[in-house]
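In: Dropping a prediction and its sequence here:
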Amino acid sequence: VGGQGVSESRSDMPASVVPSSLGQGLVDEDARQLAAKLVNALYRLVKACQLHAETNQAVAQVTDYVVTAVAQFCTKASVGAAAILFSPHAVFVNRQMLKASRETYQLAIELGTLLEPLGVTEVTLTREISAGEVADFGRVVAEYLREGKKSSRFETGGWEGLKLRRVVGLGASHDMSPPV
């Protein structure tokens, strides 16, 4: 008896009738869909910035889309930020494995692959992120991908509302064991 079938059959009930455990499942499902939307938006931003100037209308639209996706995710998940962690074979949003279509998941893995040479495996976007920060992020990533020009933002950790860092996991190539 899977909980998924129960929550699907009860999704048409008013919230006051749905037991709290089922209601939380519905909220989680919405947050997961918004996480996929957010990762997809970041990928689209990087690709748009590779093709167009930062001032282009297409870039402006994708920039607004990213800001909106961050706000929607943070609101639905009741969090102040979305932390996207990229690994070679998986993507996590706020420590939960990304649940997305195969196409979106492949785009997410590709985005992680694009960011990895920059020393970035985690991107954290706060609820207060500005369109300027998003546009600047897209521009500096695109500049690196086009020209090999690495911005100091990658060394200093990003922007106020968009933090960048490298997370080294257990699969790292160097020995992470504590000294004996």
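Out: Received it, and whenever you're ready, just let me know what you need.
In: now the helices for this protein?
Out: 3-10, 20-51, 57-77, 102-115, 131-147, 153-156 (DSSP state H).
In: In terms of mean pLDDT, which of the ones you listed ranks lowest?
Out: Mean pLDDT is lowest for helix 3-10 among the helices of the chain, at a mean of 39.
In: so who does residue 161 touch?
Out: By CB atoms under 8 Å, 6 or more residues apart in numbering, the residues touching residue 161 are 125-126, 128-130, 133. For every residue, glycine as well, the C-beta is placed using N, CA and C.
In: repeat that with 6 Å
Out: 126, 128-130, 133 (CB atoms under 6 Å, 6 or more residues apart in numbering).
In: Count the neighbours of the closest residue in space to it that isn't next to it in sequence for me.
Out: Using CB to CB, 6 or more residues apart in numbering and skipping the chain neighbours, the partner closest in space to residue 161 is residue 129 (3.5 Å). Look at residue 129: counted by other CB atoms under 10 Å, it has 23 neighbours.
In: Now do residue 129 against residue 119, distance only.
Out: 21 Å (CB to CB, to the nearest Å).
In: before we move on, what about residue 109?
Out: 18 Å.
In: quick one, which of these two is more surrounded?
Out: residue 109 (19 against 12).
In: which one is that one nearest to, not counting chain neighbours?
Out: Leaving aside its chain neighbours, residue 109 sits nearest to residue 91 (6.6 Å; criterion: CB to CB, 6+ apart).
In: Tell me who's in contact with the closest residue in space to residue 163 that isn't next to it in sequence.
Out: Take residue 163 and drop its neighbours on the chain: the residue closest to it by CB to CB, 6+ apart is residue 124, 4.2 Å away. Counting by CB under 6 Å, 6+ apart, residue 124 makes contact with 81, 83, 163.
In: any idea how far the closest residue to the first one other than its chain neighbours is from residue 158?
Out: Meaning residue 81. Computed as CB to CB, 6+ apart, the closest residue to residue 81 that is not its neighbour in sequence is residue 126, at 4.4 Å. Distance, residue 126 to residue 158, using CB to CB: 10 Å.
In: Just grab the bridge partners of residue 162 for me.
Out: Applying DSSP bridges to residue 162 gives these bridge partners: residue 125.
In: before we move on, the earlier item: let me know the pLDDT of the residue nearest to residue 163.
Out: 98.
In: Pull up the gap between it and residue 101, please.
Out: From residue 124 to residue 101 the distance is 24 Å (CB to CB).
In: May I ask you to confirm that residue 112 is in contact with residue 87?
Out: No: here residue 112 lies out of contact with residue 87, judged by CB atoms under 6 Å, at a distance of 7.1 Å.
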